[in-house]
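Enquirer: Here's a sequence, model it:
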Amino acid sequence: AKLNPQAHEHIISEFLACVLTDVNGRALTIQERYLLVAQYISATCLGDPDFPIGQDAKYTDYLDMNKPLAVDYVAIGFEETWCLYPLYGWQVEALEDICHGWQEWIFGCMAAQLATANEIHEGKLPSIDTPIAAYKDYLKERITIFKAYPERDFIQLYHAFLWGTEQLNSYFNLGFDGDGLVCLHKEGQGHAPARFQVSDCITESTIEFCR
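Expert: You can find the predicted model right below:
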(Lines give C-alpha, C1' and ligand atoms only; values in the text may rest on other atoms or scores of the structure.)
Protein backbone atom coordinates (compact mmCIF):
# COMPACT_ATOMS: atom_id res chain seq x y z
CA ALA A 1 0.00 0.00 0.00
CA LYS A 2 3.01 2.30 0.43
CA LEU A 3 4.34 1.72 -3.08
CA ASN A 4 4.12 4.34 -5.83
CA PRO A 5 0.55 3.95 -7.15
CA GLN A 6 1.76 4.71 -10.70
CA ALA A 7 4.20 1.78 -10.66
CA HIS A 8 1.50 -0.68 -11.68
CA GLU A 9 3.74 -3.55 -12.75
CA HIS A 10 6.07 -3.29 -9.77
CA ILE A 11 3.07 -3.33 -7.46
CA ILE A 12 1.65 -6.42 -9.17
CA SER A 13 4.97 -8.24 -8.66
CA GLU A 14 5.02 -7.32 -4.97
CA PHE A 15 1.39 -8.37 -4.61
CA LEU A 16 1.94 -11.72 -6.30
CA ALA A 17 4.93 -12.37 -4.04
CA CYS A 18 2.49 -12.16 -1.13
CA VAL A 19 -0.31 -14.33 -2.50
CA LEU A 20 1.52 -17.00 -4.52
CA THR A 21 3.48 -19.96 -3.18
CA ASP A 22 6.53 -21.30 -5.02
CA VAL A 23 5.80 -19.14 -8.06
CA ASN A 24 7.76 -16.07 -9.13
CA GLY A 25 5.26 -13.49 -10.32
CA ARG A 26 7.97 -11.81 -12.40
CA ALA A 27 8.30 -15.03 -14.41
CA LEU A 28 4.61 -15.08 -15.37
CA THR A 29 3.22 -13.62 -18.58
CA ILE A 30 1.34 -10.35 -18.28
CA GLN A 31 -1.82 -12.25 -19.24
CA GLU A 32 -1.38 -14.49 -16.19
CA ARG A 33 -0.49 -11.59 -13.93
CA TYR A 34 -3.52 -9.52 -14.89
CA LEU A 35 -5.81 -12.54 -14.59
CA LEU A 36 -4.54 -13.31 -11.08
CA VAL A 37 -5.09 -9.75 -9.88
CA ALA A 38 -8.54 -9.56 -11.50
CA GLN A 39 -9.59 -12.93 -10.09
CA TYR A 40 -8.39 -11.90 -6.64
CA ILE A 41 -10.50 -8.74 -6.86
CA SER A 42 -13.49 -10.83 -8.02
CA ALA A 43 -13.06 -13.29 -5.15
CA THR A 44 -12.61 -10.72 -2.39
CA CYS A 45 -14.85 -7.80 -3.39
CA LEU A 46 -17.93 -7.28 -1.24
CA GLY A 47 -20.32 -6.92 -4.15
CA ASP A 48 -20.90 -8.86 -7.36
CA PRO A 49 -17.90 -11.04 -8.35
CA ASP A 50 -18.51 -9.73 -11.88
CA PHE A 51 -17.46 -6.35 -10.57
CA PRO A 52 -18.25 -3.11 -12.42
CA ILE A 53 -15.68 -1.30 -14.55
CA GLY A 54 -16.54 2.29 -15.40
CA GLN A 55 -20.15 3.31 -15.91
CA ASP A 56 -21.48 0.56 -18.16
CA ALA A 57 -19.12 -2.42 -18.15
CA LYS A 58 -18.26 -5.41 -16.00
CA TYR A 59 -15.25 -7.64 -15.48
CA THR A 60 -16.50 -10.36 -17.82
CA ASP A 61 -16.78 -7.79 -20.62
CA TYR A 62 -12.97 -7.85 -20.70
CA LEU A 63 -12.24 -11.48 -19.83
CA ASP A 64 -12.04 -14.31 -22.37
CA MET A 65 -11.27 -17.76 -20.96
CA ASN A 66 -11.83 -19.59 -24.27
CA LYS A 67 -8.38 -19.02 -25.74
CA PRO A 68 -5.38 -20.96 -24.37
CA LEU A 69 -2.45 -19.09 -22.88
CA ALA A 70 0.30 -18.35 -25.41
CA VAL A 71 3.74 -19.27 -24.07
CA ASP A 72 5.71 -19.49 -27.33
CA TYR A 73 6.61 -16.94 -29.96
CA VAL A 74 4.72 -16.42 -33.21
CA ALA A 75 6.40 -15.74 -36.53
CA ILE A 76 5.27 -12.44 -38.01
CA GLY A 77 7.45 -12.43 -41.12
CA PHE A 78 8.93 -9.21 -42.48
CA GLU A 79 12.36 -8.99 -44.11
CA GLU A 80 14.44 -10.27 -41.18
CA THR A 81 12.00 -13.05 -40.26
CA TRP A 82 10.84 -11.41 -37.05
CA CYS A 83 9.20 -13.35 -34.25
CA LEU A 84 7.08 -12.00 -31.41
CA TYR A 85 7.37 -13.36 -27.87
CA PRO A 86 4.83 -13.11 -25.04
CA LEU A 87 5.58 -10.34 -22.55
CA TYR A 88 6.62 -11.25 -19.01
CA GLY A 89 6.56 -9.55 -15.64
CA TRP A 90 10.31 -8.97 -15.43
CA GLN A 91 10.17 -7.22 -18.79
CA VAL A 92 7.28 -4.88 -18.03
CA GLU A 93 8.90 -3.86 -14.75
CA ALA A 94 11.91 -2.62 -16.73
CA LEU A 95 9.67 -0.96 -19.32
CA GLU A 96 7.81 0.84 -16.56
CA ASP A 97 11.05 2.52 -15.53
CA ILE A 98 12.03 3.74 -19.01
CA CYS A 99 8.74 4.31 -20.88
CA HIS A 100 6.72 7.51 -20.46
CA GLY A 101 3.64 7.89 -22.65
CA TRP A 102 1.80 5.38 -24.83
CA GLN A 103 4.15 5.87 -27.77
CA GLU A 104 7.17 4.94 -25.65
CA TRP A 105 5.33 1.89 -24.37
CA ILE A 106 4.69 0.69 -27.90
CA PHE A 107 8.35 1.14 -28.85
CA GLY A 108 9.35 -0.52 -25.57
CA CYS A 109 7.14 -3.56 -26.06
CA MET A 110 8.43 -3.95 -29.60
CA ALA A 111 11.97 -3.83 -28.23
CA ALA A 112 11.16 -6.40 -25.54
CA GLN A 113 9.09 -8.83 -27.60
CA LEU A 114 10.53 -8.78 -31.10
CA ALA A 115 13.50 -10.93 -32.06
CA THR A 116 14.85 -12.08 -35.41
CA ALA A 117 15.31 -15.73 -36.29
CA ASN A 118 19.06 -15.18 -36.12
CA GLU A 119 18.88 -13.75 -32.60
CA ILE A 120 16.80 -16.70 -31.47
CA HIS A 121 19.21 -19.16 -33.08
CA GLU A 122 22.21 -17.52 -31.39
CA GLY A 123 20.52 -17.84 -27.99
CA LYS A 124 21.70 -14.45 -26.78
CA LEU A 125 18.38 -12.85 -25.90
CA PRO A 126 17.98 -11.43 -22.37
CA SER A 127 16.30 -13.52 -19.69
CA ILE A 128 14.85 -13.02 -16.23
CA ASP A 129 18.39 -13.52 -14.90
CA THR A 130 19.80 -10.61 -16.91
CA PRO A 131 20.83 -7.77 -14.54
CA ILE A 132 18.13 -5.10 -14.61
CA ALA A 133 20.52 -2.28 -15.55
CA ALA A 134 21.88 -4.29 -18.48
CA TYR A 135 18.37 -5.16 -19.62
CA LYS A 136 17.28 -1.52 -19.54
CA ASP A 137 20.30 -0.61 -21.65
CA TYR A 138 19.35 -3.38 -24.09
CA LEU A 139 15.82 -2.02 -24.38
CA LYS A 140 16.97 1.57 -24.86
CA GLU A 141 19.37 0.52 -27.61
CA ARG A 142 16.68 -1.40 -29.47
CA ILE A 143 14.16 1.43 -29.07
CA THR A 144 16.70 3.79 -30.63
CA ILE A 145 17.16 1.39 -33.54
CA PHE A 146 13.41 1.09 -34.16
CA LYS A 147 13.00 4.87 -34.03
CA ALA A 148 15.69 5.21 -36.70
CA TYR A 149 13.89 2.89 -39.14
CA PRO A 150 12.69 4.47 -42.38
CA GLU A 151 9.03 5.34 -41.92
CA ARG A 152 7.74 2.81 -44.44
CA ASP A 153 9.75 -0.05 -42.93
CA PHE A 154 8.73 0.84 -39.40
CA ILE A 155 5.03 1.02 -40.25
CA GLN A 156 5.20 -2.44 -41.84
CA LEU A 157 6.93 -3.87 -38.78
CA TYR A 158 4.54 -2.06 -36.43
CA HIS A 159 1.48 -3.55 -38.13
CA ALA A 160 3.12 -6.97 -38.04
CA PHE A 161 3.72 -6.41 -34.30
CA LEU A 162 0.03 -5.56 -33.79
CA TRP A 163 -1.02 -8.68 -35.71
CA GLY A 164 1.31 -10.81 -33.59
CA THR A 165 -0.03 -9.24 -30.40
CA GLU A 166 -3.55 -10.28 -31.38
CA GLN A 167 -2.33 -13.86 -31.84
CA LEU A 168 -0.73 -13.85 -28.38
CA ASN A 169 -3.74 -12.36 -26.61
CA SER A 170 -5.45 -14.95 -24.44
CA TYR A 171 -7.41 -13.86 -21.35
CA PHE A 172 -7.39 -10.18 -22.31
CA ASN A 173 -6.97 -8.07 -25.42
CA LEU A 174 -4.18 -5.66 -24.60
CA GLY A 175 -3.69 -2.03 -25.53
CA PHE A 176 -1.69 0.96 -24.37
CA ASP A 177 -2.25 4.19 -22.52
CA GLY A 178 0.08 6.78 -21.00
CA ASP A 179 0.79 4.59 -17.97
CA GLY A 180 1.42 1.32 -19.78
CA LEU A 181 -0.64 -1.70 -20.72
CA VAL A 182 -4.41 -1.87 -20.38
CA CYS A 183 -7.11 -4.48 -21.04
CA LEU A 184 -9.60 -3.67 -23.79
CA HIS A 185 -13.34 -4.28 -23.81
CA LYS A 186 -14.28 -7.28 -25.97
CA GLU A 187 -16.56 -5.09 -28.10
CA GLY A 188 -13.69 -2.73 -28.86
CA GLN A 189 -14.36 0.93 -29.56
CA GLY A 190 -16.65 2.99 -27.37
CA HIS A 191 -15.69 1.39 -24.06
CA ALA A 192 -13.04 2.51 -21.62
CA PRO A 193 -9.97 0.28 -21.18
CA ALA A 194 -9.50 -1.46 -17.84
CA ARG A 195 -6.52 -1.63 -15.52
CA PHE A 196 -6.87 -4.08 -12.66
CA GLN A 197 -5.42 -2.28 -9.66
CA VAL A 198 -3.86 -4.05 -6.71
CA SER A 199 -5.22 -1.21 -4.58
CA ASP A 200 -8.69 -2.64 -5.23
CA CYS A 201 -7.61 -5.70 -3.22
CA ILE A 202 -6.66 -3.59 -0.19
CA THR A 203 -9.14 -2.09 2.25
CA GLU A 204 -9.44 1.66 2.63
CA SER A 205 -8.46 1.31 6.29
CA THR A 206 -5.16 -0.39 5.38
CA ILE A 207 -4.41 2.22 2.74
CA GLU A 208 -5.12 4.97 5.28
CA PHE A 209 -2.74 3.39 7.82
CA CYS A 210 0.04 3.29 5.23
CA ARG A 211 -0.13 6.92 4.16
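Enquirer: Need the phi and psi values for the residue lying closest to Arg195 once chain neighbours are set aside.
Expert: Take Arg195 and drop its neighbours on the chain: the residue closest to it by Cβ to Cβ, 6 or more residues apart in numbering is Val182, 5.3 Å away. Any C-beta I mention is one placed from the backbone N, CA and C, and that applies to glycine too. Val182 adopts backbone torsions of phi -130, psi 160, taken as degrees, to the nearest 10.
Enquirer: Val182 is in contact with His191, isn't it?
Expert: No - with contacts defined as Cβ atoms under 8 Å, Val182 does not count as touching His191, sitting 11.4 Å away.
Enquirer: Tell me which of these two has more neighbours.
Expert: Between Val182 and His191, counting by other Cβ atoms under 10 Å, Val182 is the more crowded of the two (22 against 17).
Enquirer: Next one: the more buried one from Ile120, what distance?
Expert: Look at Val182 and Ile120: by Cβ to Cβ, to the nearest Å, they are 29 Å apart.
Enquirer: Look up phi and psi at Pro5.
Expert: Torsion angles at Pro5 (phi, psi; degrees, to the nearest 10) stand at phi -60, psi -20.
Enquirer: Just the pLDDT for it.
Expert: Each residue has a pLDDT score; the one for Pro5 is 81.
Enquirer: excluding its backbone neighbours, what's nearest it?
Expert: Leaving aside its chain neighbours, Pro5 sits nearest to Ser199 (6.6 Å; criterion: Cβ to Cβ, 6+ apart).
Enquirer: Tell me, how many residues neighbour that neighbour?
Expert: Using other Cβ under 10 Å, Ser199 has 15 neighbouring residues.
Enquirer: same deal with Glu208?
Expert: Here the number of neighbours of Glu208 (other Cβ under 10 Å) works out to 9.
Enquirer: For Ile11, see how far away it is.
Expert: Counting by Cβ to Cβ, the gap between Glu208 and Ile11 amounts to 18 Å.
Enquirer: Same check on Arg142?
Expert: Look at Arg142 and Ile11: by Cβ to Cβ, they are 26 Å apart.
Enquirer: likewise Tyr88?
Expert: 16 Å.
Enquirer: Check Leu162 too.
Expert: Following Cβ to Cβ, the distance that separates Leu162 from Ile11 is 27 Å.
Enquirer: do the same with Leu35
Expert: As defined by Cβ to Cβ, Leu35 lies at a distance of 16 Å from Ile11.
Enquirer: cool, and Leu87?
Expert: With the distance defined as Cβ to Cβ, Leu87 ends up 17 Å from Ile11.
Enquirer: just Glu93 next, same as before
Expert: Applying Cβ to Cβ, one obtains 10 Å for the distance of Glu93 from Ile11.
Enquirer: what does Asp50 give?
Expert: Distance of Asp50 to Ile11, computed by Cβ to Cβ: 24 Å.
Enquirer: quick one: which of the two has more around it?
Expert: For the pair Asp50 and Ile11, the greater number of neighbours falls to Ile11 (19 against 13), based on other Cβ under 10 Å.
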